[in-house]
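Colleague: Need a 3D model of the sequence below.
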Amino acid sequence: MALSPGRRGPAFGRGLAVALGLSAFIVPAKVVAAEIEIAIDEAKLVKLPERAATLVIGNPLIADASVQSGGLMVITGKGYGATNLIALDHSGAVLMEHFIQVHGPRDDVVVVYRGVFRQTYSCVPECQPRITLGDSKTYFEDTLAGTAARNTQAQGVPTSK
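Modeller: Numbers count the residues shown, from 1 in each chain. Here you go, the predicted structure:
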C-alpha cells in the first residue's frame, strides 16, 4: 500500500517517538530565565548553582554582581533598565540565567523641576536631598559631596582643611 505525502503508517509514528525520546538525552536541557526585580541602589541575595565558575552581566551599568561565600551572590541595581546575568560552569555550560529589571525607588520621592534642572528628594518621613540618575549636575555633585563629608565625619576621620 502506497502512502500519500500527508499520510504515514504506524512504523513512522514509532520511529518518530524513538527519535524524540533519544533527542531528550542528546540535547541539553534549556535553562529557563527567571526575572529579578530590584530598585536602583539596592541589593538582593541570590543563590548560585553548584559548579558555577563564571558570571556574565549583560550591561554592568545597569546591574552588578559579586560572589560571596556560601554560594551566594549579591546583585546591586546600578542604573535604570534591563539586562541579564548568566552563570556558567568550567566547561562553559549555562547553569542559570536571570533577566534583571532595575526600577526607581519605591519610597516617597519628590522630583522638583526648575526649568531643565532636576532635583530629587526622599520624603520618608521628612524630605531630604537624594541623588538620582538624571538629576542636574550641580545638584548631584553638591549632594554627593555633602553625603561623602557626612560619612567621613561619622567614621571619625579628620577632614582636611
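Colleague: For the rest of this, base every contact and every neighbour count on C-alpha atoms.
Modeller: OK.
Colleague: For the protein, which residues score under the pLDDT cut-off?
Modeller: 1-33, 157-161 (pLDDT under 70).
Colleague: all helices for it, in order.
Modeller: 10-26, 137-154 (DSSP state H).
Colleague: For the biggest strand by length in the chain, which helices and strands make contact with it?
Modeller: If you go by DSSP state E, the chain has its longest strand at strand 94-103. For strand 94-103, the packing partners by 3 or more CA pairs under 8 Å, 6 or more residues apart in numbering; DSSP states H and E come out as strand 34-39, strand 81-88.
Colleague: contact partners of that strand?
Modeller: Strand 94-103 is contacted from outside by 31-40, 49, 52, 62-63, 77-89, using CA atoms under 8 Å, 6 or more residues apart in numbering.
Colleague: just the buried members of those residues?
Modeller: The neighbour count (16 or more other CA atoms under 10 Å) marks 36, 38-40, 52, 62-63, 77-89 as buried among the contacts of strand 94-103.
Colleague: Just want the most central residue of the protein.
Modeller: Centroid check for the chain by CA atoms, centre = their mean gives Ile100 as the closest residue, at 3.1 Å.
Colleague: do you know how far that residue is from Ala149?
Modeller: According to CA to CA, to the nearest Å, Ile100 and Ala149 sit 33 Å apart.
Colleague: can I see the domain layout of this protein?
Modeller: Domain segmentation of the chain under automatic domain parsing yields 34-103, 109-151.
Colleague: got the end-to-end distance for the last one?
Modeller: Spelled out, that is domain 109-151. 22 Å.
Colleague: roughly how far out does that domain sit from the chain middle?
Modeller: Offset of domain 109-151 from its chain centre (CA atoms, centre = their mean, to the nearest Å): 25 Å.
Colleague: before we move on, what about stretch 64-80?
Modeller: With CA atoms, centre = their mean, you get 9 Å for stretch 64-80.
Colleague: Just send the helices and strands packed on strand 94-103 back as JSON lines, with distance to Leu133 too.
Modeller: As requested, these are exported to JSON lines (distance: least, CA to CA, whole Å):
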{"stretch": "strand 34-39", "distance to Leu133": "13"}
{"stretch": "strand 81-88", "distance to Leu133": "12"}
